[in-house]
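Asker: Next come a sequence and a model predicted from it.
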Amino acid sequence: MPIAVMAKEMDNAEEMFDELLEEAAQHVEPAQRSAFSSEVAPARARFARAIKESRQRIAQAHASSSYASPSSTPLLSEPIMTISSHINAYVPHLGTLKPKWRKLGSATETIERRLDLLTPRSLQALIKALWWMGQRGREEDLDLLQKVRGGAWANSEEVIRATGNAEQNIIQRVFDPDRKLQQFFGVGPAELTRLLGVGRKATTLASQGARESADHLQAIRQSLTDLFEREEIERWLRAPNEMFDGKIPLEAMVGGQLRRVRQLLTRIEEGIPY
């Protein structure tokens with residue numbers, strides 16, 4: 001995920017915060033608006049400070065080839081929860097406000113988790129962000145996980161385990177939600193992640209590489225289905241092949257040769273000797 005995208009998401013969250021706070025104030029009884037403004041003022045100031053320091057974290061990450069030193073940036077979500085409680089007190093019938101504040105809370109939580117991958121406030125915060133990514137991370141978050149593998153705690157067994165779990169869950173959620181690829185090739189989540197090249201050293205963004213690899217894998221699946229019966233597919237995938245230096249095709253695919261396997265199958269389909 002480009003850091004510029006994260007900066008834009010933060011701009012959107014700040015704009016949404018101001019708009020919702022103004023909208024909430026309009027729902028407060030006129031006689032209580034002064035008291036409401038006074039009570040939410042400290043939380044509003046904390047949110048402004050959190051936004052400012054979060055932007056500094058993004059700038060720090062942008063200037064570094066790997067994620068930067070731990071930060072003590074205040075949480076964006078905390079003042080939102082505080083203000084939400086004040087709104088509940090002053091506006092008995094929230095109407096459309098409640099889902100909007102919930103959406104803002106979700107957006108700021110996502111920003112916080114992503115920042116804790118780039119510039120973690122602590123090892124514990126990093127681990128928490130990684131497990132969150134496993135449950136809710138998106139395709140573009142694979143790029144942030146790629147940075148974690150080159151970060152300060154990259155050798156921590158807990159970080160390695162949590163990073164792998166997050167990658168596997170995102171890969172399955174995005175590229176194989178019905179598990180048809182895993183069933184076809186006879187692999188599990190970890191093997192599918194390796195098939196898509198996630199976790200290996202690469203010069204491209206992890207999300208871009210995974211998307212390209214998924215396209216190759218789908219094309220290979222289609223070619224095999226067109227060429228062979230099911231039993232023949234199993235034999236072809238797992239029989240040593242001289243085109244891959246005696247390795248079985250599935251091993252070559254896991255090793256990053258998806259394009260080569262796809263090209264070979266295309267030649268077979270077209271009757272071109274190899």
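Answerer: Yep, it's here.
Asker: quick one, helices of the stretch 151-274 of the chain?
Answerer: For the stretch 151-274 of the chain, helices defined by DSSP state H, counting those that start in this stretch occupy the ranges 157-175, 180-185, 189-195, 206-227, 230-238, 249-254, 258-269.
Asker: which residue packs closest to Glu234, ignoring adjacent ones?
Answerer: Gly186 (7.5 Å; C-beta to C-beta, 6 or more residues apart in numbering). (C-beta placed from N, C-alpha, C; glycine too.)
Asker: about what we covered before: okay if I get the helices of the stretch 151-274 of the chain as CSV plus mean pLDDT and distance to Ile51?
Answerer: Shown next, in CSV, are those (pLDDT from 0 to 100; distance: least, C-beta to C-beta, whole Å):
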stretch, mean pLDDT, distance to Ile51
helix 157-175, 95, 26
helix 180-185, 95, 41
helix 189-195, 93, 35
helix 206-227, 94, 26
helix 230-238, 94, 52
helix 249-254, 94, 43
helix 258-269, 94, 42
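Asker: so can I have CSV of these showing mean neighbour count?
Answerer: Converted to CSV, the helices of the stretch 151-274 of the chain look like this (neighbours: other C-beta atoms under 10 Å):
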stretch, mean neighbour count
helix 157-175, 19
helix 180-185, 16
helix 189-195, 20
helix 206-227, 18
helix 230-238, 14
helix 249-254, 21
helix 258-269, 17
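Asker: now for these, which one comes closest to Ser106?
Answerer: Between Ser106 and the helices of the stretch 151-274 of the chain, the shortest gap by C-beta to C-beta is with helix 157-175, which sits at 16.9 Å.
Asker: Okay, angle between the closest one and helix 206-227 too, please.
Answerer: Taking axes from the mean of the first three to the mean of the last three C-alpha atoms, to 10 degrees, one finds helix 157-175 and helix 206-227 inclined to each other by 50 degrees.
Asker: packing partners for helix 157-175?
Answerer: helix 123-136, helix 141-148, helix 189-195, helix 206-227 (3 or more C-beta pairs under 8 Å, 6 or more residues apart in numbering; DSSP states H and E).
Asker: Relative to the whole chain's centre, how far out is that helix?
Answerer: 10 Å (C-alpha atoms, centre = their mean, to the nearest Å).
Asker: Using CSV, write out every CA atom in it.
Answerer: Taking Å, rounded to 0.1, in the frame of the first residue of the first chain, the C-alpha atoms of helix 157-175 are listed here in CSV:
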residue,chain,number,x,y,z
GLU,A,157,9.1,-16.0,16.5
GLU,A,158,5.8,-14.4,17.6
VAL,A,159,6.1,-11.8,14.8
ILE,A,160,7.0,-14.4,12.2
ARG,A,161,4.0,-16.6,13.2
ALA,A,162,1.6,-13.7,13.3
THR,A,163,2.8,-12.3,10.0
GLY,A,164,2.4,-15.6,8.3
ASN,A,165,-1.1,-16.1,9.7
ALA,A,166,-2.1,-12.6,8.5
GLU,A,167,-0.7,-13.3,5.0
GLN,A,168,-2.4,-16.7,4.7
ASN,A,169,-5.8,-15.3,5.9
ILE,A,170,-5.7,-12.3,3.5
ILE,A,171,-4.6,-14.6,0.6
GLN,A,172,-7.5,-17.0,1.2
ARG,A,173,-10.0,-14.2,1.8
VAL,A,174,-9.1,-12.3,-1.4
PHE,A,175,-7.9,-14.9,-3.9
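Asker: The spatially closest residue to Pro240 that is not a sequence neighbour and Gly209: what is the separation?
Answerer: Spatial nearest neighbour of Pro240, chain neighbours left out: Gly246 (5.0 Å); criterion: C-beta to C-beta, 6+ apart. Counting by C-beta to C-beta, to the nearest Å, the separation of Gly246 from Gly209 is 26 Å.
Asker: Could I get the phi/psi values of the residue nearest to Glu234?
Answerer: Backbone torsions of Gly186, given as degrees, to the nearest 10, read phi 70, psi 40.
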